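> starting from these lines, generate the structure:
(2 chains)
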Amino acid sequence: MGMKNNRAMLEQFIVDYKENIYRLAYSYVHNKADALDIVQESIYKAMKTKSSLQDPGAMKSWFYRIVVHTALDLLRKQKKVQPMEEEQLHAFMYQSEDAYADVDIQQTLEQLPEKYRAVLVLRFFEDLTFEEVADVLRENINTVKTRLYQALKLLRIQMESTAPERRRENGSTS
Amino acid sequence: MDRRLEQLKQEYSQVPIPEELDFVVREALNQTRRRKPVFRKYMAGVGAAAIVLVAGINMSPALAQPLSEVPVVGSIVKVLTFREYKIDNGTTQANIQVPAITNLENKTLEQTLNNKYLEESKKLYDDFIVEMNELKQKGGGHMGVDSGYVVKTDTDRILAVGRYVVNTVGSSSTTFKYDTIDKENQVLLTLPGLFRDDQYINLISETIKEQMREQMKADPQKIYWVEGTGNEMPESNFKAIAPDQSFYINKDGKLVIVFDKYEVAPGYMGVVEFTILTSALADVLVSNEYIK
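Residues are numbered from 1 along each chain as shown, chains lettered A, B, ... in the order given. Take a look at the predicted model:
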């Protein structure tokens, strides 16, 4: 695979996926200006480091990884990223059903701690495979699966077909 | 799939796509495509002329001596705004100031620089018009370009002019280019010309990496892409400066290395500068004429 070919493929990918890239960025920052900034910066970074992409088949997860890191860099600057504290997790786990029902769903997704939201967005909304999600987040597949399961649990979503088997052992959410 | 998850997915996919997205993407692709060749072309012309002059001075103190005994020349060399391009129709704005250097006795150098300034500004303006018309056809949107110059250093000896371009299409990108002129000897200084050999590249790069890590330790809001800081994307780490990396010499005679936005750090860090301690360069400097 020549460099030129690689560049052409990457450019094509960016053009084809620009809306997905934007939405992924938006899911982190929730505003247009920052999301556009992340898109732009990710493109610069990708173009600069494209030689590090060994396998063109992995372009999607490679590029998404750049987007995720660019978004996290920005959030870190804006100090919007909160580390996942125990109490925060507790608040999620033990919200009463009544209180929960009042919360707007989108709001809930936004409130979901970043590491849980990321797996959910990438796996279900961007339709990446578990392998790709693991590659984007640089985690192993089992960690990704566990996190996805926890994310769904936090959102009180019952997954009949996709939930890992461990679900039953860990007890139900309600 | 669960109904609630389905609903979340739908909301996710309904995040409105701003009309600027097309332009942000295209602009970013264009810039990565054209950045290098344009730069090279200009540097080839200016560099060739300058290297000869710098070499002459570095290698022959006898030649440098008589020239530096003309002290008056330096003080009258000035930078002024030669021309301005302005467009403002609400959503699209361009403000381009073209600097010109005057009163250099070395007219070849003066003209080379001023032609470069004018050509680059003209190109910026023309590109902007093309893009503005494209945007109009697409139904409009916001875009702007702001270009101008700052005089970074103006001492008896050194004149450093920095020219910046800020592109705003939804978000913004910034580039800075510097020219540092020795007013006494009437030459344009180049980075390689200041040093004995190529060792300066490694020496300066390592100093900068050290500074990056120290700054990040001192201020958690600062991020540079550099090894040893847990950057999870090591391939984007800063490795070394370019041999002709953007630089200027500040009023204290210190070398300042400049990186464009996105070059070594996330966009919010903007254009970043590193002042290099002269003691770190002692072994490779040609002389302490400029850098003290």
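> alpha carbons of stretch B:273-289, as CSV, please.
Presented in CSV, the C-alpha positions along stretch B:273-289 are these (Å, rounded to 0.1, in the frame of the first residue of the first chain):
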residue,chain,number,x,y,z
GLU,B,273,6.3,29.0,21.6
PHE,B,274,9.3,27.7,23.4
THR,B,275,12.2,29.9,24.5
ILE,B,276,15.4,27.9,24.3
LEU,B,277,18.1,28.6,27.0
THR,B,278,21.2,29.7,25.3
SER,B,279,23.4,27.6,27.5
ALA,B,280,21.7,24.5,26.0
LEU,B,281,23.0,25.6,22.6
ALA,B,282,26.5,26.8,23.5
ASP,B,283,28.2,23.9,21.7
VAL,B,284,26.5,24.2,18.4
LEU,B,285,26.1,28.0,17.9
VAL,B,286,28.2,29.5,15.2
SER,B,287,28.7,32.6,17.4
ASN,B,288,26.9,34.6,20.0
GLU,B,289,26.3,37.4,17.6
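> tell me the confidence at residue 16?
Unless you meant another one, I'm taking chain A. pLDDT, A:D16: 93.
> actually, chain B is the one I wanted.
91.
> next: B:M143.
On the pLDDT scale, B:M143 gets 79.
> burial count for A:V121?
24 (other Cβ atoms under 10 Å in any protein chain shown). Every residue, glycine included, has its C-beta placed from N, CA and C.
> residues touching it, list them.
A:24, A:27, B:12 (Cβ atoms under 8 Å, 6 or more residues apart in numbering or on different chains).
> could you pull up phi and psi at the second one?
By that I understand A:S27. phi -70, psi -20 (degrees, to the nearest 10).
> that one reaches A:R117, doesn't it?
Yes - with contact defined as Cβ atoms under 8 Å, A:S27 reaches A:R117; the gap is 7.0 Å.
> report all helices and strands that whatever helix or strand B:N115 lives in contacts.
Under the criterion DSSP states H and E, the helix or strand holding B:N115 is helix B:107-137. Applying 3 or more Cβ pairs under 8 Å, 6 or more residues apart in numbering or on different chains; DSSP states H and E, we find helix B:107-137 packed against helix B:21-59, strand B:78-88, strand B:92-102, strand B:143-154, strand B:158-169, strand B:171-182, strand B:187-189.
> just the buried positions in that helix, please.
Residues of helix B:107-137 classed as buried: B:109-110, B:112-114, B:116-117, B:120-121, B:124-125, B:128, B:131-132, B:135 (neighbour count, 16 or more other Cβ atoms under 10 Å in any protein chain shown).
> likewise for stretch A:7-15?
A:7, A:10-11, A:13-14.
> so the residue most central in space within chain A versus B:T229, what's the distance?
Among the residues of chain A, the one closest to the centroid is A:A118, at 2.4 Å (Cα atoms, centre = their mean). In this view, A:A118 and B:T229 are 21 Å apart by Cβ to Cβ, to the nearest Å.
> per-domain residue ranges of chain A.
Chain A breaks down into these domains under automatic domain parsing: A:1-81, A:82-174.
> figure out how far the shortest one is from the centre of its chain.
Right, domain A:1-81. Put simply, domain A:1-81 sits 13 Å off its chain's centre (Cα atoms, centre = their mean, to the nearest Å).
> over to stretch B:265-277?
So, by Cα atoms, centre = their mean, the centroid of stretch B:265-277 is 11 Å from its chain's centroid.
> touching chain A at all, it?
Yes - using Cβ under 8 Å from any Cβ of the partner chain, stretch B:265-277 reaches chain A at B:266-268.
> quick one: which of the residues you listed is most hemmed in?
That'd be B:P266 among the residues of stretch B:265-277 next to chain A, by other Cβ under 10 Å, with 25 neighbours.
> quick one on the thing from earlier: out of the contacts of A:V121, which are buried?
Counted by 16+ other Cβ under 10 Å, the contacts of A:V121 give A:24, A:27, B:12 as buried.
> nearest to A:S61 among those residues?
A:L24 (11.8 Å; Cβ to Cβ).
> assign a three-state SS to that closest one, would you?
helix (DSSP: H, G, I helix; E, B strand; the rest coil).
> kindly state the pLDDT recorded for it?
pLDDT recorded at A:L24 is 95.
> please name the bridge partners of the residue positioned nearest the centre of chain B.
With distances taken as Cα atoms, centre = their mean, chain B has B:F176 as the residue nearest its mean C-alpha position (2.6 Å). When assigned by DSSP bridges, B:F176 has beta-bridge partners B:Y164.
> these two touch, right, it and B:V271?
Yes - in terms of Cβ under 8 Å, B:F176 counts as a neighbour of B:V271; the distance is 5.1 Å.
> picking up where we left off before, nearest to B:M212, of the helices and strands packed on helix B:107-137?
Of those, nearest to B:M212 by Cβ to Cβ is strand B:171-182, at 18.2 Å.
> might you report the residue contacts of the residue nearest to the centre of chain A?
A:68, A:136-137.
> quick one: low-confidence ranges for chain B?
Where chain B drops to pLDDT under 70, the residues are B:1, B:33-75, B:169-172, B:232.
> how about the residues of it that lie near chain A?
B:1-2, B:4-5, B:7-9, B:11-13, B:15, B:17-18, B:20-22, B:24-25, B:27-29, B:31-32, B:170-173, B:220-221, B:223, B:232-233, B:235-236, B:262, B:266-268.
> looking at this, B:E227 is in a strand?
No - judged by three-state DSSP, B:E227 forms no part of a strand; its state is coil.
> name the nearest residue to it, sequence neighbours excluded.
B:N237 (5.1 Å; Cβ to Cβ, 6 or more residues apart in numbering or on different chains).
> what's the answer for B:R163, then?
Closest residue in space to B:R163, ignoring its immediate chain neighbours: B:Y149 at 4.7 Å, by Cβ to Cβ, 6+ apart.
> what does A:E11 give?
Nearest non-adjacent residue to A:E11 (Cβ to Cβ, 6+ apart): B:L29, at 5.8 Å.
> contacts only, for that neighbour.
A:11, A:14-15, A:43, A:47.
> how close does it sit to A:K45?
For B:L29 relative to A:K45 (Cβ to Cβ), the value is 13 Å.
> go on, A:E126?
19 Å.
> the helices in chain A, which residues?
A:3-16, A:18-29, A:32-48, A:59-78, A:86-93, A:97-102, A:105-111, A:114-120, A:130-137, A:141-154, A:166-169 (DSSP state H).
> list the buried residues in the second one.
Burial within helix A:18-29, assessed by neighbour count using 16+ other Cβ under 10 Å, is assigned to A:18, A:20-29.
> in TSV: the contacts of A:V121, plus distance to B:I204.
Converted to TSV, the contacts of A:V121 look like this (distance: Cβ to Cβ, whole Å):
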residue	distance to B:I204
A:L24	37
A:S27	40
B:Y12	46
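> just give me the closest of those residues to B:A94.
A:L24 (31.9 Å).
> pick the most buried one from the helices of chain A.
Mean neighbours per residue, mean count of other Cβ atoms under 10 Å in any protein chain shown, is largest over the helices of chain A for helix A:32-48, with a mean of 23.
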